[in-house]
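Engineer: the sequence and its predicted three-dimensional model are supplied below.
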Amino acid sequence: MGIQRENIRMVGKLAVVAVGMFAFGYALVPMYKAICEFTGINILALSELEVPGNASGGKNVKLPANTQVDTSRTITVEFDANSRGPWEFKPALRSLQVHPGELTTVMYEFQNVQNRRMAAQAIPSYAPRQAAAHFNKLECFCFNQYTLDPGEKKQWPVAFVIDPKLSKDVTTITLSYTFFEVGGKTPPAPASSTADAAGLLHSRPGA
């Protein structure tokens with residue numbers, strides 16, 4: 001009887017540990033957001049937190065009012081990807097130059113190299129900090145969580161416009177993404193289109 005009781009206790013302890021690990025994985029993304037907001041490290045843009053529609057793919061995100069392309073200014077946008085897990089994650093381009101007010105799309109590549117299905121979400125950060133409020137994303141894979149099957153590879157777009165009101169002192173912006181594996185039921189990953197595979201698309205408002 002003593003051995004049976006010890007076995008029951010051990011099973012109970014293991015169950016508590018398993019539940020705790022699952023809960024921690026599920027809470028990792030919101031915890032990261034809270035830490036970023038509190039410390040100011042890898043600050044999240046206000047647009048990710050408060051703009052209606054981001055949770056559903058950014059459908060309600062609009063260009064800044066009366067946006068005009070400022071061809072007199074050129075800003076270098078650098079793209080970074082932190083791959084801290086058993087997956088491959090990288091931007092199709094490391095950097096490009098854009099004009100404020102110009103609509104630009106760049107691709108990110110992601111592959112699940114595990115032998116199991118995974119659910120994950122990307123968290124963006126910006127440098128310098130003051131650029132965050134002026135980096136407006138109309139489309140981004142970071143708006144949702146996605147599931148990928150073992151070995152599945154996807155290309156996801158990030159469509160953005162830099163607000164011409166950005167300080168002229170800022171000439172370079174770094175957009176960085178960190179991917180986290182999370183728990184819970186998530187929607188399927190969006191399919192890659194033929195146009196997306198081109199790697200980079202440029203268009204201007206009204207074109």
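Structural biologist: Noted; the coordinates are in hand.
Engineer: would you map the strands across the protein?
Structural biologist: Applying DSSP state E to the chain gives strands spanning 75-82, 87-91, 95-98, 104-112, 118-127, 135-140, 146-148, 153-162, 172-181, 200-202.
Engineer: got TSV for these, with mean neighbour count, mean pLDDT and distance to L14 too?
Structural biologist: Just so you know, the C-beta spots here come from the backbone N, C-alpha and C atoms, and that holds for glycine as well. As requested, the strands of the chain are exported to TSV (neighbours: other Cβ atoms under 10 Å; pLDDT from 0 to 100; distance: least, Cβ to Cβ, whole Å):
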stretch	mean neighbour count	mean pLDDT	distance to L14
strand 75-82	17	93	32
strand 87-91	17	89	28
strand 95-98	15	96	48
strand 104-112	20	92	27
strand 118-127	20	89	23
strand 135-140	20	91	39
strand 146-148	18	86	27
strand 153-162	20	92	35
strand 172-181	19	91	21
strand 200-202	13	42	49
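Engineer: save these as TSV, and put in distance to Q68 too.
Structural biologist: What follows is the strands of the chain, written out as TSV (distance: least, Cβ to Cβ, whole Å):
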stretch	distance to Q68
strand 75-82	15
strand 87-91	27
strand 95-98	14
strand 104-112	15
strand 118-127	23
strand 135-140	14
strand 146-148	35
strand 153-162	11
strand 172-181	19
strand 200-202	17
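Engineer: figure out which of those is closest to R5.
Structural biologist: In terms of Cβ to Cβ, the element of the strands of the chain nearest to R5 is strand 172-181, at 36.4 Å.
Engineer: who are the packing partners of the closest one?
Structural biologist: helix 2-39, strand 75-82, strand 87-91, strand 118-127, strand 153-162 (3 or more Cβ pairs under 8 Å, 6 or more residues apart in numbering; DSSP states H and E).
Engineer: so which of the strands of the chain is nearest R9?
Structural biologist: It is, among the strands of the chain and with distance given as Cβ to Cβ, strand 172-181, at 30.6 Å.
Engineer: list the strands paired with that closest one, with their directions.
Structural biologist: strand 75-82 (parallel), strand 118-127 (antiparallel) (DSSP bridges).
Engineer: of all these, which one comes closest to E102?
Structural biologist: Of all the strands paired with strand 172-181, strand 75-82 comes closest under Cβ to Cβ, at 9.3 Å.
Engineer: show residues contacting the closest one.
Structural biologist: Outside of strand 75-82, the residues that reach it under the criterion Cβ atoms under 8 Å, 6 or more residues apart in numbering are 89-91, 93-100, 104, 106, 108, 162, 166, 170-179.
Engineer: how many residues are close by the residue lying closest to Q130 once chain neighbours are set aside?
Structural biologist: Nearest-residue entry for Q130: S167, 6.4 Å, with adjacent residues in sequence omitted and distances by Cβ to Cβ, 6 or more residues apart in numbering. Neighbour count of S167, defined by other Cβ atoms under 10 Å: 10.
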